[in-house]
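A.B. asks: Here is my input; please provide its structure:
(one chain, ligands or ions: 1)
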Amino acid sequence: MCGIVGAVAERNVVEILLEGLKRLEYRGYDSAGVALLQADGTFSRTRRIGKVQALADAVDASPVLGGTGIAHTRWATHGGVTEDNAHPHQSSDRIAVVHNGIIENYETLRSGLESQGYTFTSDTDTESIAHTVHSLLKTNETLLGAVQQAVARFHGAYGTVVMDKEDPSRIVVARSGSPLVIGLGLGENFVASDQMALLPVTRRFIFLEEGDVAEITRRSVSIFDANGAPVEREIIESNVEHDSGDKGGYRHYMLKEIHEQPTVVRNALQHRLVGNDIADNVFGEGADAIFASVKHVQIVACGTSYHSGMTARYWLEEFAGVSCNVEIASEFRYRKSVVLPNSLLITISQSGETADTLAALRLAKEIGYSSSLAICNVAGSSLVRESSLSYMTRAGAEIGVASTKAFTTQLAGFLLLTMALGKHNGMSSDTSNEIAHALHSLPAKLEETLTMTQGIEDLAEEFADKHHSLFLGRGDQYPIAMEGALKLKEISYIHAEAYASGELKHGPLALIDDEMPVIVVAPNNELLEKLKSNVEEVRARGGIMYVFADKDAHFKGDDTMRVIDVPHCDSPIAPIIYTVPLQLLSYYVALIKGTDVDQPRNLAKSVTVE
Ligand code: F6R
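C.D. replies: Got it, this is the predicted structure:
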């Protein structure tokens, strides 16, 4: 959620730190700060409420210099959005700390430290890290030793970077529950919570593992595992696109990412779908052998990724004949569930670092799932590394907080998975060919769907002054209605709820009046007639309908029903196609309302805390 960048170099690192923060800003944007060890041996610390630009302006106004530094962009957990609560936090003008995650026992730590005479200047859990390390330096000769001893006292999740004024040649970092990646340079080294932050300075990375503590100097990186034993971690050459931090001429990242969907879906399918077959090892080495015995699938995910799991359930059961259960990760991780024999656990995540999804995976291993598949967009992420199988969605970096292309590439991956599991479960070649044919047509259909932009811009005007909305769908379009509602609420702040349209008369129908727009997703499928009846139920009660429909569905528009034509497509890909106009609708409503599309209030990308 928050973003961390740190550097140890000969040169002044302030620009590197600020650029890194800008690249991580989508992860947290309440406040930001930077601390540097200056050549005269003093600390300089600058913190500002608001976006990283406010911090950059402050640094411009009073320039600071230093070769060792740490920086942070915050998404508040403990303590409000104030300058005092912004990181870095200091102890006794000697230690400076940045931290992602939550130290759950911070109150106990705090009272112990206060009784030792430490004064707290913030309401954060992080400040207790700074004072704990400082107190342990009284009995430890090195910062590394103090941090190693300190982490044993912390309960909760942390990715933390610590700097000591008495030793400007190094920083010490620790990871438990919140990711950290070390970037290797020439005569300079870096650390960040995400490789994206460091792409302008290096492409060589070491992903720290759970429990690792590392000491980073200009010329060396020494890593110690949770038991304090020195360990070697693999150096990975990143192939993430360098320019993925640019908006590429679009007004917002979200719009750019919506328009990238045909290209990224094409990339995702390339060399994976060959003719009507799936290439070997698409889901990782050994996947075929595992899939041969799978009789049940349990999917866990959060938010938009959960909606893709909900959609996949329809496909896995209908096309592949594999029973499937889908659960929100934060629920799954805290309840006792029954593990059916021959079950495959599937986690879905754009970031691969979502705390609840990761915890659900770890729990699943403990309770007896023998294999797990991560459907993920970030190679090297915790979820990918900790799963037995993985499928990379190849959506490219997604910066807009509202997930778009990650979702549609997840769905494309699920159609491939449906074919792969169906192969072992008696799926007919007709069905398999139908899915393959639909998938081949998907990139071009997405391009065609994006031409709906003009009509949707006009439609958005009608939503901008509304306070509530309902989204309806049936079958595999029900999760798409849920996703449409999530998009609208998160970026335009209009209250939006989704219902399976058959459920309407069991309560929600009471909400219908002419102030409540009702959005319906209506491809021409076997549930169309049922859906039409539900539409009539709303119309009869004065509701205003916006029906996204296939021309062949023959909806007749009038004063109470706007019909928006969606390009005709094969049924297996209809959920993916109908997602796009709903993404565009949310985007243009948000644009008209003037909200912060890429960084909506109270949210952050990659929810690495519970
Ligand atoms: C909504 C959105 C979130 C994420 C959710 C899970 O647009 O982006 O709901 O989908 O926080 O994140 P990942 O997919 O990274 O696990």
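A.B. asks: residues in contact with the longest helix along the chain?
C.D. replies: Among the segments of the chain that qualify as a helix by DSSP state H, the longest is helix 429-450. For helix 429-450, contacts defined as CB atoms under 8 Å, 6 or more residues apart in numbering pick out 258-259, 261-263, 265-266, 269, 273, 275-277, 319, 408, 412, 415-416, 418-419, 422-423, 566-567, 569-573, 576-577, 580-581, 584. Using the backbone N, CA and C atoms, a C-beta is placed for each residue, glycine as well.
A.B. asks: helix or strand right after that helix?
C.D. replies: Per DSSP states H and E, the first helix or strand lying C-terminal to helix 429-450 is helix 453-463.
A.B. asks: Check which helices and strands that following helix sits against.
C.D. replies: If contacts are counted by 3 or more CB pairs under 8 Å, 6 or more residues apart in numbering; DSSP states H and E, helix 453-463 sits against strand 561-566, helix 574-593.
A.B. asks: what angle sits between the shortest one and helix 453-463?
C.D. replies: Between the axes of strand 561-566 and helix 453-463, defined by axes from the mean of the first three to the mean of the last three CA atoms, to 10 degrees, the angle is 150 degrees.
A.B. asks: Distance from strand 561-566 to the middle of the chain?
C.D. replies: 32 Å (CA atoms, centre = their mean, to the nearest Å).
A.B. asks: could you say what helices and strands that strand packs with?
C.D. replies: So strand 561-566, by 3+ CB pairs under 8 Å, 6+ apart, packs with helix 453-463, strand 544-550, helix 574-593.
A.B. asks: nearest spatial neighbour of the closest residue to the ligand within the stretch 401-550 of the chain, skipping sequence neighbours?
C.D. replies: Going by CB to the nearest ligand atom, the ligand is nearest to residue 403 of the stretch 401-550 of the chain, at 3.3 Å. Using CB to CB, 6 or more residues apart in numbering and skipping the chain neighbours, the partner closest in space to residue 403 is residue 304 (4.1 Å).
A.B. asks: Now the stretch 151-300 of the chain against the ligand: closest residue?
C.D. replies: Counting by CB to the nearest ligand atom, the stretch 151-300 of the chain gets nearest the ligand through residue 254, at 9.4 Å.
A.B. asks: what's the burial count for that residue?
C.D. replies: Residue 254 has 28 neighbouring residues, counting by other CB atoms under 10 Å.
A.B. asks: That one: which element?
C.D. replies: Under the criterion DSSP H and E, the helix or strand holding residue 254 is helix 253-259.
A.B. asks: hmm, who's touching that helix?
C.D. replies: Contacts for helix 253-259 (CB under 8 Å, 6+ apart): 26, 247-250, 398-400, 402, 404-405, 450, 491, 580, 583-584, 587, 597-598.
A.B. asks: And the next helix or strand past that helix?
C.D. replies: Counting by DSSP H and E, the next helix or strand C-terminal to helix 253-259 is helix 261-269.
A.B. asks: So which bits of that next one are buried?
C.D. replies: Going by neighbour count (16 or more other CB atoms under 10 Å), the buried part of helix 261-269 is 261, 262, 264, 265, 266, 267, 268, 269.
A.B. asks: Put together CSV for those residues, with pLDDT and distance to residue 344 on each row.
C.D. replies: Formatted as CSV, those follow (pLDDT from 0 to 100; distance: CB to CB, whole Å):
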residue, pLDDT, distance to residue 344
261, 98, 27
262, 98, 30
264, 97, 25
265, 98, 24
266, 97, 27
267, 96, 25
268, 97, 21
269, 97, 22
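A.B. asks: so which of the residues you listed comes closest to residue 237?
C.D. replies: Top of the list for closeness to residue 237, among the buried residues of helix 261-269 and by CB to CB, is residue 267 at 19.3 Å.
A.B. asks: Check the secondary structure at the residue in the stretch 501-610 of the chain that the ligand sits nearest to for me.
C.D. replies: Closest contact between the stretch 501-610 of the chain and the ligand, by CB to the nearest ligand atom, is at residue 607 (4.7 Å). Secondary structure for residue 607, judged by DSSP: H, G, I helix; E, B strand; the rest coil, is coil.
A.B. asks: Quick check: closest non-adjacent residue to the residue of the stretch 151-300 of the chain closest to the ligand.
C.D. replies: Residue 254's closest residue in space is residue 400 (CB to CB, 6+ apart), at 3.5 Å.
A.B. asks: any idea how far that neighbour lies from the ligand?
C.D. replies: Residue 400 is 8 Å from the ligand, where distance means CB to the nearest ligand atom, to the nearest Å.
A.B. asks: I figured that residue was touching residue 26, is that so?
C.D. replies: Yes. Judged on CB atoms under 8 Å, residue 400 makes contact with residue 26 at a distance of 7.2 Å.
A.B. asks: Residue ranges in this structure under the pLDDT threshold?
C.D. replies: 241-245 (pLDDT under 70).
A.B. asks: which residues are there in it that come within reach of the ligand?
C.D. replies: The interface of the chain toward the ligand, taken as CB under 6 Å from any ligand atom, is made up of 302-305, 349-351, 354, 357, 402-403, 486, 490, 606-607.
A.B. asks: Which of these fall in helices?
C.D. replies: 303, 304, 305, 357, 486, 490.
A.B. asks: Tell me which of the helices and strands packed on helix 453-463 is the most buried.
C.D. replies: Among these, helix 574-593 has the highest mean neighbour count (mean count of other CB atoms under 10 Å), at a mean of 25.
A.B. asks: Measure how buried residue 458 is and give me the count.
C.D. replies: Residue 458 has 10 nearby residues by other CB under 10 Å.
A.B. asks: And for the one 10 residues further on?
C.D. replies: One way to gauge burial is a neighbour count; for residue 468, by other CB under 10 Å, it gives 14.
A.B. asks: tell me the secondary structure for the closest residue to residue 80 other than its chain neighbours?
C.D. replies: Excluding its sequence neighbours, the residue lying closest to residue 80 (CB to CB, 6+ apart) is residue 123, at 7.2 Å. Classification of residue 123 by three-state DSSP places it in coil.
A.B. asks: circling back to that earlier point, contacting residues for the residue nearest to residue 403?
C.D. replies: 350, 402, 403, 406, 407, 483, 486.
A.B. asks: Residue of the stretch 301-450 of the chain nearest the ligand, please.
C.D. replies: residue 303 (1.9 Å).
A.B. asks: got the contact list for that residue?
C.D. replies: For residue 303, the contact set (CB under 8 Å, 6+ apart) comprises 403, 486, 607.
A.B. asks: those helices in the stretch 251-400 of the chain, which residues are they?
C.D. replies: Assigned by DSSP state H, counting those that start in this stretch, the stretch 251-400 of the chain shows helices spanning 253-259, 261-269, 287-292, 303-318, 329-332, 355-367, 382-386.
A.B. asks: For residue 102, which of those is the nearest?
C.D. replies: That would be helix 355-367 among those, by CB to CB, at 9.2 Å.
A.B. asks: can you give me the angle the closest one makes with helix 303-318?
C.D. replies: Calculated by the same axes, to 10 degrees, helix 355-367 forms an angle of 50 degrees with helix 303-318.
A.B. asks: Give me the helices and strands touching helix 355-367, please.
C.D. replies: Against helix 355-367 (3+ CB pairs under 8 Å, 6+ apart) you get strand 296-301, helix 329-332, strand 343-349, strand 371-376, helix 382-386.
A.B. asks: In terms of secondary structure, what does the last one contact?
C.D. replies: Meaning helix 382-386. helix 355-367, strand 371-376, strand 389-392.
A.B. asks: No more questions from me, cheers.
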